[in-house]
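**Q** Just the structure for this:
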Amino acid sequence: MSILLRVFSNGDYLQARTLWEATPGVGLSAADEPEAIGAFLARNPGSSFVAVEGEKLVGTILCGHDGRRGLIHHLVTAPSHRRQGIGRALLQAGLQALREQGIDKSHLLVFRSNTEGLAFWHAVSAQERTELALFSVSTQDGA
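**A** Residues are numbered from 1 along each chain as shown. Coordinates of the predicted model:
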């Protein structure tokens with residue numbers, strides 16, 4: 001059976017969440033709940049994709065942007081479907097969608113403990129930015 005890439009829809013959420021939860025190295029938070037993912041997809045139409053084999057979802061990528069830079073989340077391929085070019089195909093689809101919206105660079109975050117994820121990004125020639133420090137601030141906290 002062949003793999004089909006198509007735009008990520010709200011109807012893909014349950015299978016995507018199951019895949020994310022089953023994949024070591026994927027961090028999930030309240031930002032990954034159905035309402036938040038639905039809002040992300042609505043804000044970034046046509047930029048996120050899934051890979052499906054028949055009715056089974058075997059890969060995801062969430063891509064969005066702020067008008068300046070893109071951000072990639074949850075580029076995941078099912079372990080049973082790795083080393084077949086699905087991750088690279090999803091990445092190319094997401095980057096093409098961002099390029100068509102005038103975005104020329106995208107960032108992504110990978111846990112240092114996610115050795116498979118780090119290896120993938122190095123293999124696709126992503127530039128590791130060691131000169132930057134990452135900070136997070138909750139919108140719930142007063143500054």
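**Q** Can you verify my assumption that Val110 contacts Gly117?
**A** Yes - with contact defined as Cβ atoms under 8 Å, Val110 reaches Gly117; the gap is 4.6 Å. Quick note: C-beta positions are derived from backbone N, CA and C, even for glycine.
**Q** For Ser106, see how far away Gln127 is.
**A** 11 Å (Cβ to Cβ, to the nearest Å).
**Q** So those two - more neighbours on which side?
**A** Neighbour tally, Gln127 and Ser106, criterion other Cβ atoms under 10 Å: the higher count belongs to Ser106, 18 against 8.
**Q** So what are the sheet partners of the longest strand along the chain and their directions?
**A** Counting residues, the longest strand found in the chain (DSSP state E) is strand 56-65. Using DSSP bridges, strand 56-65 pairs in its sheet with strand 49-53 (antiparallel), strand 70-77 (antiparallel).
**Q** contacts for the shortest one?
**A** Pointing back at strand 49-53 there. Residues outside strand 49-53 that contact it (Cβ atoms under 8 Å, 6 or more residues apart in numbering): 1-8, 12, 16, 57-61, 63, 77, 81, 86, 89-90, 93-94, 97.
**Q** before we move on, what about stretch 116-130?
**A** For stretch 116-130, the surrounding residues in contact (Cβ under 8 Å, 6+ apart) are 24-25, 75, 87-88, 91, 107-108, 110-112.
**Q** Include pLDDT when you put those residues into CSV, please.
**A** Converted to CSV, the contacts of stretch 116-130 look like this (pLDDT from 0 to 100):
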residue, pLDDT
Pro24, 92
Gly25, 91
Leu75, 97
Gly87, 96
Arg88, 97
Leu91, 97
His107, 96
Leu108, 94
Val110, 93
Phe111, 92
Arg112, 92
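**Q** rewinding a little: among the contacts of strand 49-53, which are located in helices?
**A** The helices, defined by DSSP state H, take in 16, 86, 89-90, 93-94, 97 from the contacts of strand 49-53.
**Q** Derive a PyMOL selection command for the buried subset of those.
**A** Listed next is the PyMOL selection for buried residues among the ones in helices among the contacts of strand 49-53, using 16 or more other Cβ atoms under 10 Å:
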select buried, resi 16+86+89+90+93+94+97
